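Asks: Using only what follows, build the 3D model:
(2 chains)
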Amino acid sequence: MTASPVQRDLRISKARNKNEWLWAYLLIAPTIIGLGALNVYPFFDSLYTSLLKSQGLGPTKFIGLQNYAKMFGSAEIWRTTLNTLWYVVLTVPVGVFLALVLAALLNTKIRGRDLYRGIYFLPMVVAPAAIAMVWRWIFNAENGILNQALLMLGIVGPKWLSDPNTALAACAAVGVWSSVGYDLVLILAGLQSISSTYYEASEIDGANWAQQFFRITVPLISPTLFFVILMRMMNSIKQFDTIFMLVKPENPAFKSTATLMVIFFREAFEKFNKGYASAVVVWSMVIIGAITAVQFVAEKKLVYYE
Amino acid sequence: MERGPINHAAGGRKRGAPAARKARAVHAVLIAGAVLMIFPFVWMILTSFKSIGESVQIPPTFLPNTWLMDGYREVTRVLPFGKLYFNTLALIFFRIVCAVVFSSMAGFAFAKLQFPLKRLLFFLVLSQLMLPIQIFIIPQYVMLSKLKQLNTLFALVFPGLVSAFGTFFLRQFYLSLPNDLSEAAKLDGCNIGQTFLRILFPLTRTALMALGVFTAVFAYSDMMWPLIVNMNIDKMTLSAGINSLRGQFTTQYPTIMAGSTLAMAPMMVIYLLFQRQFIEGIALTGTKA
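Replies: Next up is the predicted model:
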């Protein structure tokens, strides 16, 4: 009765707020509960498991940092880490560069643009398992089509996938072949959002193709490029299926191709060393975190935002 | 002044020739690349129709001498392809439904509503995106085995019950929708639920298509998770299923290629039919995220 209009408005807006909160919590509930059960709890559980001796079905025992001590004391983890980083070096620069060049070529009024784009994207819609099967066949040392073709040129090809010197590079080639179309699609979408007035103006100023590419295209595409490189690096560090399918443990080149995720999988689900495997995955996370941090520092220096 | 147009025409012709040459060079590069991209698939399919003897013949034949179905007969004998197709389709279907429904709800709430702890809860979504999924895998596996749910369809769908990516992606999309819409709806007497379902949700069709394509492509190609939770061949997906061919048929390449062809066929057909939606969907998920 004595409530002033202001107080009444406040009361109404408070009720409205409560109503809004209720709706919000209702709507996010499935996602938040799901993330809690599927991600938050497992994250901490993995950290904790890395401190346990947990083998097979036997009882678990808290052993502090012993898994880490064992891991960092083994030659395997360093070799695997190096393999993983090598794989990143072999795939990311080449893959992103090829995607950028192809996208630049397609970002013109060229005929058949959608067809080309569709073809380059093909490997993305094929399961890596099937892709790995056909590449194993192509790379086959005796009967594979690649070495047969080389033989016609008078070259005796290496045993691509079972020679420790070539196996990781062969895996990287398959990796680049698989992902170039995906990166191309993202970069092309970025290129298409660049206003054509920049190119028209520079043409009037007499800029050639290379100048346009490095002075206009690269700076304006740098946010997309940054995203693509970041995503590609993450995926390369986490590389599992292609290498897992191409090189089996009995292959003489296994040691020189096994990445962190390959030994994580073996330790966790073939040897059932859950504790040790958790230590491996925590180590992988640290590496990913470090590389991400470096990239974000680089982003501030190199990426140009309009 | 009179010579102007003539000069221009001459210059145009001179410029025309190099432009055509440039276009030809660009096509040459693109075609060479396209051949490299397609060849493995062509080789897979051609090999699948050859006899084992012909497949290892030196020098190799390109087209099969006679088109044989032996590889297909053999591979469908050892692998239950009907079940593999069904499991893969069911996995993709449920993952898309979960991603679309739950992420739409959460994406709308994070974009358009104000509520306590919003930032903290959204940070939870983002942190899931930043972490490698492998850090969740062992505990997820242990949970399923405690629930006695290994070797089930539920196990396949499990990690995709909610989608942090979908939530983030759709939130970005809802943010781009003007607030006038929801305010007009409020004036017309819609409550928040009605505003979401009737006004804004229908406007996200493009984004939902994109999320669907993205979810399908990654569910289809995922191999580690199906290999871990479903050892039983009847409960495997195509990806995990053809992995088991490798041990059995180390040198019978026509059989392995027939299996691979069958595994890639369904998605390939869908892709050929909906190529534009696929590519634009992927481009959208990439540029918004």
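Asks: Where do the helices of the stretch 101-250 of chain A begin and end?
Replies: Shown for the stretch 101-250 of chain A, the helices assigned by DSSP state H, counting those that start in this stretch span residues A:113-121, A:128-139, A:145-152, A:167-192, A:196-204, A:209-212, A:218-237, A:241-246.
Asks: could I get those helices as a markdown table with distance to residue B:221 and mean neighbour count?
Replies: Just so you know, the C-beta spots here come from the backbone N, C-alpha and C atoms, and that holds for glycine as well. Listed next are these as a markdown table, based on distance: least, CB to CB, whole Å; neighbours: other CB atoms under 10 Å in any protein chain shown:
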| stretch | distance to residue B:221 | mean neighbour count |
| --- | --- | --- |
| helix A:113-121 | 13 | 19 |
| helix A:128-139 | 5 | 25 |
| helix A:145-152 | 24 | 15 |
| helix A:167-192 | 10 | 23 |
| helix A:196-204 | 36 | 11 |
| helix A:209-212 | 37 | 12 |
| helix A:218-237 | 12 | 19 |
| helix A:241-246 | 8 | 24 |
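Asks: Now these in JSON lines, please, with extra columns for mean pLDDT and distance to chain B.
Replies: Below are these laid out as JSON lines (pLDDT from 0 to 100; distance: least, CB to the nearest CB, whole Å):
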{"stretch": "helix A:113-121", "mean pLDDT": "92", "distance to chain B": "5"}
{"stretch": "helix A:128-139", "mean pLDDT": "92", "distance to chain B": "4"}
{"stretch": "helix A:145-152", "mean pLDDT": "91", "distance to chain B": "5"}
{"stretch": "helix A:167-192", "mean pLDDT": "94", "distance to chain B": "4"}
{"stretch": "helix A:196-204", "mean pLDDT": "86", "distance to chain B": "12"}
{"stretch": "helix A:209-212", "mean pLDDT": "83", "distance to chain B": "9"}
{"stretch": "helix A:218-237", "mean pLDDT": "90", "distance to chain B": "7"}
{"stretch": "helix A:241-246", "mean pLDDT": "91", "distance to chain B": "4"}
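Asks: Ignoring the adjacent residues along the chain, who's closest to the residue of chain B found nearest chain A?
Replies: Closest to chain A within chain B is residue B:162: 3.1 Å, counting by CB to the nearest CB. Excluding its sequence neighbours, the residue lying closest to residue B:162 (CB to CB, 6 or more residues apart in numbering or on different chains) is residue A:34, at 3.1 Å.
Asks: tell me which element the one you found falls in.
Replies: helix A:5-35 (DSSP states H and E).
Asks: Ramachandran coordinates for residue A:273?
Replies: In terms of degrees, to the nearest 10, the main-chain angles of residue A:273 are phi -90, psi 80.
Asks: Does it touch residue A:54 like I think?
Replies: Yes: counting by CB atoms under 8 Å, residue A:273 sits close enough to residue A:54 to count as a contact (7.4 Å).
Asks: Comparing those two, which residue is more hemmed in?
Replies: The neighbour count for residue A:273 versus residue A:54, taken as other CB atoms under 10 Å in any protein chain shown, is higher for residue A:54 (24 against 19).
Asks: So the more buried one versus residue B:142, what's the distance?
Replies: 10 Å (CB to CB, to the nearest Å).
Asks: if I look at the two, which residues touch both of them?
Replies: Shared contacts of residue A:54 and residue B:142, defined by CB atoms under 8 Å, 6 or more residues apart in numbering or on different chains, comprise residue A:274.
Asks: Tell me which of the helices of the stretch 101-250 of chain A sits nearest to residue B:271.
Replies: Using CB to CB as the measure, helix A:113-121 is the one of the helices of the stretch 101-250 of chain A that comes nearest residue B:271, at 8.2 Å.
Asks: how about the residue of chain B closest to chain A, secondary structure?
Replies: Secondary structure, DSSP: H, G, I helix; E, B strand; the rest coil: residue B:162 is coil.
Asks: does the spatially closest residue to residue B:198 that is not a sequence neighbour count as helix, strand or coil?
Replies: Once flanking residues are discounted, residue B:198 sits nearest to residue B:190: 6.8 Å by CB to CB, 6+ apart. Classification of residue B:190 using three-state DSSP returns coil.
Asks: which residue ranges form the helices in the stretch 101-250 of chain B?
Replies: B:118-130, B:134-146, B:153-157, B:164-175, B:179-187, B:192-194, B:205-221, B:224-229, B:238-248.
Asks: From the centroid of chain A, which residue is nearest?
Replies: In chain A, the residue lying closest to the centroid (CA atoms, centre = their mean) is residue A:235, at 1.4 Å.
Asks: In terms of residue numbering, what are the domains of the chain?
Replies: Because you didn't say which chain, this covers chain A. Per automatic domain parsing, the domain ranges recorded for chain A read A:1-41, A:66-302.
Asks: switch to chain B, that's the one I care about
Replies: B:3-71, B:78-288.
Asks: Give me the contact status of the shortest one with chain A.
Replies: Yes: taking CB under 8 Å from any CB of the partner chain as the criterion, domain B:3-71 and chain A are in contact, through B:23, B:26-27, B:29-30, B:33-34, B:36-38, B:40-41, B:43-44, B:47, B:55-56, B:58-60.
Asks: Would you pull up how far that domain lies from the middle of the chain?
Replies: 26 Å (CA atoms, centre = their mean, to the nearest Å).
Asks: pLDDT averaged over that domain, what's the number?
Replies: Per-residue pLDDT values across domain B:3-71 average out to 81.
Asks: Over to stretch B:166-185?
Replies: Averaging pLDDT along stretch B:166-185 yields 90.
Asks: Check what contacts it and list those residues.
Replies: A:31, B:99-100, B:102-104, B:106-108, B:110-112, B:122, B:125-126, B:129, B:194-195, B:198-200, B:203-204, B:207-208, B:210-211, B:215, B:285, B:288-289.
Asks: got a list of what whatever residue of chain A ends up closest to chain B touches?
Replies: The minimum distance from chain A to chain B, using CB to the nearest CB, falls at residue A:34 (3.1 Å). Residues near residue A:34 by CB under 8 Å, 6+ apart: B:102, B:161, B:162.
Asks: May I see these organised as TSV, with neighbour count and pLDDT added?
Replies: As requested, those are exported to TSV (neighbours: other CB atoms under 10 Å in any protein chain shown; pLDDT from 0 to 100):
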residue	neighbour count	pLDDT
B:102	24	97
B:161	19	95
B:162	25	95
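Asks: Nearest to residue A:263 among the residues you listed?
Replies: Using CB to CB, these come closest to residue A:263 at residue B:161, 28.4 Å.
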